[in-house]
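Student: Any chance you can model this:
(2 chains, ligands or ions: 3)
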Amino acid sequence: MFLSKLREAWICLKAGQVTLPYPFEPHDPAPGFRGKISVDPDLCFGCGGCANVCPAGVIEIQDLDQYTRALTFRWSRCTYCGRCADVCPEQAIAMSPLYETATDRADDMVLRLEVFMGPCGRCGRCFSPAHPLERMMVTGFRDDTVGGRPEARSVGPLEVAGCLRPPPGLAAAGEGRAHAPEGGQP
Amino acid sequence: MLRELCRKAFPKALWVYHCNTGACNGCDIEVINVLTPYYDAERFGIRLVGSPRHADAILVSGPVTRQVAPALQRLLDATPAPKLVFAIGSCACGGGAWFDTYSTLGGADRVIPVDYYIPGCPPRPEAILYGVALALGLVPKKVAAERMRQETLDELAQGISRAVSGFAEAAEGGGP
Ligand code: SF4
Ligand code: SF4
Ligand code: SF4
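Tutor: Residues are numbered from 1 along each chain as shown, chains lettered A, B, ... in the order given. Ligands and ions are numbered 1, 2, ... in the order given. Coordinates of the predicted model:
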């Protein structure tokens, strides 16, 4: 009996120190860990795909005006599923390995991105051309004086591919439409 | 001031009371993980206690359901001041995927004042330790509100002209 106790003690001593020195030394997560979302502001073109698939309604999209679409990521309720990163056609969203996100302020858990959009030459709704060079062409030649409506000139009106909306002369196109899911909390 | 007092009073031993207000148990398992020898939260004097009357800090996990909200309020009242409230997990921080369902009120801060938020679904045990260490003043805060924007029309145009003139100068200056 005494021997078995000795053996037990030996097993316990052999294990050495098992406690992690964290938080005094970093302890990186395994590869593939999905931490806080990170957004590359230059890649996003405001398609809203991420907001469509987010199960927690983290991403709210609002058109501030004809040229600006604001994406607000309230990631305090993010479930780290990674669907936004999967669906983004430009890989603008990535799941960073950052997990040390504890904070004492609720406002710290908000990320806001304002995307610059070009309006469609036909209906005036904002969109962003596929290529950055095209974006410069549209935005560089815009004339805001024609009847108060932005219009592309010199390069000819660029249109959303397959835009079926009537031109602004025929019917008033929607302005500042909010695509955010209803019931978002502040 | 309360926070300062907490910082002075708590480093010796923080006794926590863990309450589940509708969590899926993911966060609860991670809280238990933190108390195992591998993560060993008792290094910091953190002990799980069985009654809110013995607790210095309350760990809330899960979205606050309608049923549990009055109980959570009573629990907070029963805890002696000064007290800290930790919201653990995305559900307690902002409601998680249930932020707008009929049966929950959203995050814990809709019902009681929350001092520290530890997001994650579930947060890693390290993240919980980090949150507690943040409360004890052992580690710096790593996140802040972020605001980003793309260049507007004018800025793009200016940027292009600046870049072009910059290239021209470089070409003139660097030429033979
Ligand atoms: S982040 Fe990606 S998916 Fe979301 S709006 Fe921007 S481009 Fe679209
Ligand atoms: S990781 Fe999931 S929950 Fe978080 S923002 Fe992306 S889609 Fe939404
Ligand atoms: S944050 Fe995630 S793991 Fe924690 S209770 Fe909510 S759903 Fe479960």
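Student: contacts, neighbours, all on C-alpha from now
Tutor: OK.
Student: where do the helices sit along chain B?
Tutor: Here chain B has its helices, by DSSP state H, at B:2-9, B:26-34, B:69-78, B:89-94, B:125-135, B:153-174.
Student: Bridged to residue A:62, which residues?
Tutor: Residues in a beta bridge with residue A:62, per DSSP bridges, are residue A:70, residue A:178.
Student: That one and chain B, how far apart?
Tutor: With the distance defined as CA to the nearest CA, to the nearest Å, residue A:62 ends up 14 Å from chain B.
Student: Isn't that residue up against residue A:69?
Tutor: Yes. Under the criterion of CA atoms under 8 Å, residue A:62 lies in contact with residue A:69, with a separation of 5.7 Å.
Student: so what's in contact with the two at the same time?
Tutor: Between them, residue A:62 and residue A:69 share no contacting residue under CA atoms under 8 Å, 6 or more residues apart in numbering or on different chains.
Student: Neighbour count: those two, which is higher?
Tutor: Set side by side, residue A:62 and residue A:69 show unequal neighbour counts under other CA atoms under 10 Å in any protein chain shown, the larger going to residue A:69 at 26 against 18.
Student: The more buried one contacts residue A:114, correct?
Tutor: Yes. With contacts defined as CA under 8 Å, residue A:69 counts as touching residue A:114 at a distance of 5.7 Å.
Student: so, in contact with chain B or not, the top helix by length along chain A?
Tutor: With DSSP H setting the assignment, residue counts place helix A:2-14 as the longest helix in chain A. No. For helix A:2-14 and chain B, the contact criterion (CA under 8 Å from any CA of the partner chain) is not met; the two come no nearer than 12.7 Å.
Student: likewise stretch A:26-41?
Tutor: Yes. Residues of stretch A:26-41 are located near chain B by CA under 8 Å from any CA, namely A:27, A:35, A:41.
Student: quick check, nearest of those to residue A:58?
Tutor: Out of the residues of stretch A:26-41 next to chain B, the one with the shortest distance to residue A:58 is residue A:35. That distance is 14.5 Å, counting by CA to CA.
Student: For that closest one, which residues are in contact?
Tutor: Neighbour list for residue A:35: A:80, A:95, A:96, A:97, A:98, A:99, B:120 [criterion: CA under 8 Å, 6+ apart].
Student: Of those residues, select the buried ones using a PyMOL command.
Tutor: A single PyMOL command is used to select the members of the contacts of residue A:35 judged buried by 16 or more other CA atoms under 10 Å in any protein chain shown:
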select buried, (chain A and resi 80+95+97+98+99) or (chain B and resi 120)
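Student: For chain A, just list every one of the strands.
Tutor: With DSSP state E as the definition, chain A shows strands at residue ranges A:37-39, A:59-63, A:68-74, A:93-95, A:110-116, A:118-119, A:126-127, A:142-143, A:151-152.
Student: any idea which of those is most buried?
Tutor: strand A:118-119 (a mean of 28; mean count of other CA atoms under 10 Å in any protein chain shown).
Student: Show the pLDDT at residue B:170.
Tutor: According to the prediction, residue B:170 has pLDDT 54.
Student: Residue B:151 reaches residue A:116, doesn't it?
Tutor: Yes. If you go by CA under 8 Å, residue B:151 and residue A:116 touch, sitting 6.8 Å apart.
Student: which ones are touching residue B:123?
Tutor: Counting by CA under 8 Å, 6+ apart, residue B:123 touches A:99, B:27, B:30, B:88, B:89.
Student: can we see that at 7 Å?
Tutor: By CA atoms under 7 Å, 6 or more residues apart in numbering or on different chains, residue B:123 lies in contact with B:27, B:89.
Student: Low-confidence regions, the chain specifically.
Tutor: Picked chain A for this. Scanning chain A for pLDDT under 70 picks out A:66, A:118-186.
Student: wait, chain B
Tutor: Applying pLDDT under 70 to chain B flags residues B:1-12, B:153-154, B:156-176.
Student: how about the residues of it that lie near chain A?
Tutor: Within chain B, the residues that sit near chain A (CA under 7 Å from any CA of the partner chain) are B:37-40, B:90-91, B:93-97, B:100, B:115-121, B:127, B:130-131, B:141-153, B:157.
Student: Of the residues you listed, grab the buried ones for ChimeraX.
Tutor: Only the buried members of the residues of chain B next to chain A enter the following ChimeraX selection, criterion being 16+ other CA under 10 Å:
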select /B:39,40,90,91,93,94,95,96,97,100,115,116,117,118,119,120,121,127,130,131,141,143,148,149,150,152,153
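Student: partner residues bridging residue A:37?
Tutor: Each beta-bridge partner of residue A:37 is listed here, defined by DSSP bridges: residue A:95.
Student: Count the neighbours of residue B:102 for me.
Tutor: Residue B:102 has 10 neighbours, counted by other CA under 10 Å.
Student: Show me what from chain A comes close to ligand 2.
Tutor: Residues of chain A lying close to ligand 2 by CA under 6 Å from any ligand atom are A:54, A:55, A:56, A:58, A:78, A:79, A:80, A:81, A:82, A:83, A:84.
Student: of those residues, buried ones?
Tutor: Applying a neighbour-count criterion of 16+ other CA under 10 Å, the buried members of those are A:54, A:55, A:56, A:58, A:78, A:79, A:80, A:82, A:83, A:84.
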